[in-house]
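Asker: no FASTA, just this:
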């Protein structure tokens, strides 16, 4: 998970923090993952918006 987040452009500190809490997605999803997995990231993947 750490290496994958670094490949996505996450700062080292963010990637470490998310990897430490890897089984607690509800903690990561509010702050840290929002900074890496942005709306633009999902637009590039072609995921449709629900709103």
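Answerer: Perfect, I can see it now. Not measured: the values here are computed from a predicted model.
Asker: run through who's touching the lowest-mean-pLDDT helix or strand in the chain.
Answerer: Least confident helix or strand, the chain: helix 25-30 with a mean of 77, by mean pLDDT, DSSP states H and E. Contacts to helix 25-30, defined as C-beta atoms under 8 Å, 6 or more residues apart in numbering, come from residues 17-18, 21-22. All C-beta atoms are positioned from the backbone trio N, CA, C, and that covers glycine.
Asker: inside helices: which ones of those residues?
Answerer: Assigned to helices by DSSP state H, the following of those qualify: 17-18.
Asker: residue 40: which of the contacts of helix 25-30 is nearest?
Answerer: Closest approach to residue 40 among these (C-beta to C-beta): residue 18, at 18.7 Å.
Asker: what residues are up against that closest one?
Answerer: Residue 18 touches 1-2, 5, 10, 28, 32-33, 36, counting by C-beta under 8 Å, 6+ apart.
Asker: which of those residues scores worst on pLDDT?
Answerer: The pLDDT minimum for the contacts of residue 18 sits at residue 28, where the score is 75.
Asker: could you report the neighbour count for that one?
Answerer: Residues lying near residue 28 (other C-beta atoms under 10 Å) number 21.
Asker: any low-confidence regions in the chain?
Answerer: Nowhere does the chain drop to pLDDT under 70.
Asker: please identify the helix or strand for the residue nearest the centre of it.
Answerer: Nearest to the mean C-alpha position of the chain, by C-alpha atoms, centre = their mean, lies residue 33 at 3.3 Å. Using DSSP states H and E, residue 33 sits in helix 32-36.
Asker: so what does that helix touch, helix or strand wise?
Answerer: helix 12-20 (3 or more C-beta pairs under 8 Å, 6 or more residues apart in numbering; DSSP states H and E).
Asker: which of the residues in the helix it packs on are buried?
Answerer: By 16 or more other C-beta atoms under 10 Å, the buried positions in helix 12-20 come out as 14-15, 17-19.
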